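>>> Have a look at this fold, sequence not included:
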């Protein structure tokens, strides 16, 4: 159906396809030769230097750089060609701040070695497919706009297909028509070559069946832990209600009933009982509010993660520098998980670290929520020795999140937490900046 727009101006039209094929083909070649090839050479050298010790530090750094390039290729394949390449990497476990632990984590991931193989094979594949995608278009444009007048000026039949000088004016016209046809044909052909490259990348960069099985098993375990934690939380709420607010409300009811009986015979005692009942009702209301805050703080529902964390930071007995850049609201379960993870870490800081200052950095980018909590305390925090940090790991794992702790003796302690998530709505609270 004709929408009244010229063909070249339409989405996916000839001009757009020509430019896209040239730029994308060149980009794939540059990516392969400027990044893949040098990083592959560096990776091989760093692994060879492992027996000397220096490779233990260099190899993870280079392989993580290759991982970053692979993630860039995943984004390009999806944005340019609609080819989605899932991320197969194992999450970084807690306690990988040391070079040996980091070396084991990176090199122990099977996806690391597929990335390395892709870095090598992508060099010739990207060269061939990228040059074909861009070269067909460039050669067709050259035939349309350059070959014929260069041939006229130099008396040379420019190019293997443009035999201009053999046929005079007819040769020029034929060359332009043939070149225009080649340029038009290069749009679908070039797109097919580039999509073939994206499919090649997917064959090497996607999770294997074993990785998918491992991931399903991990998600099953984390979901089971989350169910257990939720059941324990419900039992705690029931216990708090039974031992706290419920007991006070029962006592309150008894005091009011007794005051009713005493009103006729001993008004003074009845008045005292009513005063006690009023005090008990205030205490019960306070306990209920505290219980509700422990389930889902009202400030979190009203102002989102940004406002809730800032309010939490202001309530602590030590100065907390909060730098938060979350330009929208998160889904409620993710928002709650992030808030309570930050709250638990700050509680640990106040109770155990002996810190004089703490800081919080929260930002959302690339579909991930990054939360960094640090302090200048005595250090020595170990997730394996504390149920609080283990609880945070379970809470984050339910959303496929990760936590890494760096806490050498003497400090500082830095906890990095990541949650994959998307923004669900624009931010309604105008808070920003530094507290």
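Thanks, I have it. Model, not experiment: these values are computed from the prediction.

>>> and the chain, what are its domains?
In the domain annotation for the chain, the residue ranges read 8-207, 218-295, 303-426 (automatic domain parsing).

>>> Could you dump the ones you listed into TSV and include mean pLDDT and mean neighbour count?
Yep, even glycine has a C-beta here, placed from its N, CA and C like the rest. Shown next, in TSV, are the domains of the chain (pLDDT from 0 to 100; neighbours: other CB atoms under 10 Å):
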stretch	mean pLDDT	mean neighbour count
domain 8-207	81	17
domain 218-295	66	14
domain 303-426	83	18
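
>>> Bridged to the residue nearest to the spatial centre of the chain, which residues?
Closest to where the C-alpha atoms of the chain average out (CA atoms, centre = their mean) is residue 368, at 2.5 Å. Judged by DSSP bridges, the bridge partners of residue 368 are residue 365, residue 420.

>>> Surely it and residue 420 touch.
Yes. Using CB atoms under 8 Å, residue 368 is in contact with residue 420, at 5.4 Å.

>>> circling back: quick one, what contacts the residue nearest to the centre of the chain?
Contacts here follow CB atoms under 8 Å, 6 or more residues apart in numbering; on that basis residue 368 touches 418, 419, 420, 421.

>>> Just to be sure, the first one is in a helix?
No. Going by DSSP: H, G, I helix; E, B strand; the rest coil, the assignment for residue 418 is strand, not a helix.

>>> Next, the contact list for it, please.
For residue 418, the contacting residues are 368, 369, 370, 371, 396, 401, 402, 403, by CB under 8 Å, 6+ apart.

>>> could you dump these to JSON lines with distance to residue 275?
Formatted as JSON lines, those follow (distance: CB to CB, whole Å):
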{"residue": "368", "distance to residue 275": "55"}
{"residue": "369", "distance to residue 275": "49"}
{"residue": "370", "distance to residue 275": "53"}
{"residue": "371", "distance to residue 275": "47"}
{"residue": "396", "distance to residue 275": "48"}
{"residue": "401", "distance to residue 275": "50"}
{"residue": "402", "distance to residue 275": "54"}
{"residue": "403", "distance to residue 275": "50"}
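
>>> Out of those, which sit inside strands?
368, 369, 370, 371, 402, 403 (DSSP state E).

>>> in what helix or strand does residue 195 lie?
helix 164-205 (DSSP states H and E).

>>> if I read this right, residue 43 contacts residue 66, doesn't it?
Yes. Counting by CB under 8 Å, residue 43 touches residue 66, with 6.3 Å between them.

>>> Can you work out which residues contact both of the two?
Contact with both residue 43 and residue 66 is made by residues 116, 119, according to CB under 8 Å, 6+ apart.

>>> Test my guess that residue 131 contacts residue 29.
Yes. With contact defined as CB under 8 Å, residue 131 reaches residue 29; the gap is 6.6 Å.

>>> From residue 25, how far out is residue 132?
From residue 132 across to residue 25, the span is 8 Å (CB to CB, to the nearest Å).

>>> Need the overlap of contacts for these two.
Common neighbours of residue 132 and residue 25, using CB under 8 Å, 6+ apart, are 190, 193.

>>> distance of residue 420 from residue 370?
Separation of residue 420 from residue 370 (CB to CB): 11 Å.

>>> Repeat that for residue 321.
Distance of residue 321 to residue 370, given as CB to CB: 16 Å.

>>> Ok, residue 416 next?
Residue 416 is 7 Å from residue 370, by CB to CB.

>>> what do you get for residue 346?
In this view, residue 346 and residue 370 are 17 Å apart by CB to CB.

>>> Same question for residue 80.
Distance from residue 80 to residue 370, by CB to CB: 27 Å.

>>> same thing with residue 115?
For residue 115, the distance to residue 370 - CB to CB - is 22 Å.

>>> got it, and residue 364?
For residue 364, the distance to residue 370 (CB to CB) stands at 7 Å.

>>> Need the contacts of residue 368 in a markdown table (columns: distance to residue 18).
As requested, the contacts of residue 368 are exported to a markdown table (distance: CB to CB, whole Å):
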| residue | distance to residue 18 |
| --- | --- |
| 418 | 40 |
| 419 | 42 |
| 420 | 37 |
| 421 | 38 |
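
>>> for those, which one is nearest residue 411?
Using CB to CB, residue 418 is the member of the contacts of residue 368 that sits closest to residue 411, with 22.5 Å.

>>> what's near enough to touch the residue of the chain positioned farthest from its centre?
Note on the chain: the largest C-alpha distance from the chain mean falls to residue 265, namely 71.1 Å (CA atoms, centre = their mean). Residues near residue 265 by CB under 8 Å, 6+ apart: none.

>>> Could you tell me the per-residue confidence at residue 7?
With respect to pLDDT, residue 7 has a value of 35.

>>> Oops, could you answer that again for residue 428 instead?
Residue 428 is given a pLDDT of 46.

>>> can you check the one 3 residues further on too?
Looking at residue 431, its pLDDT stands at 41.
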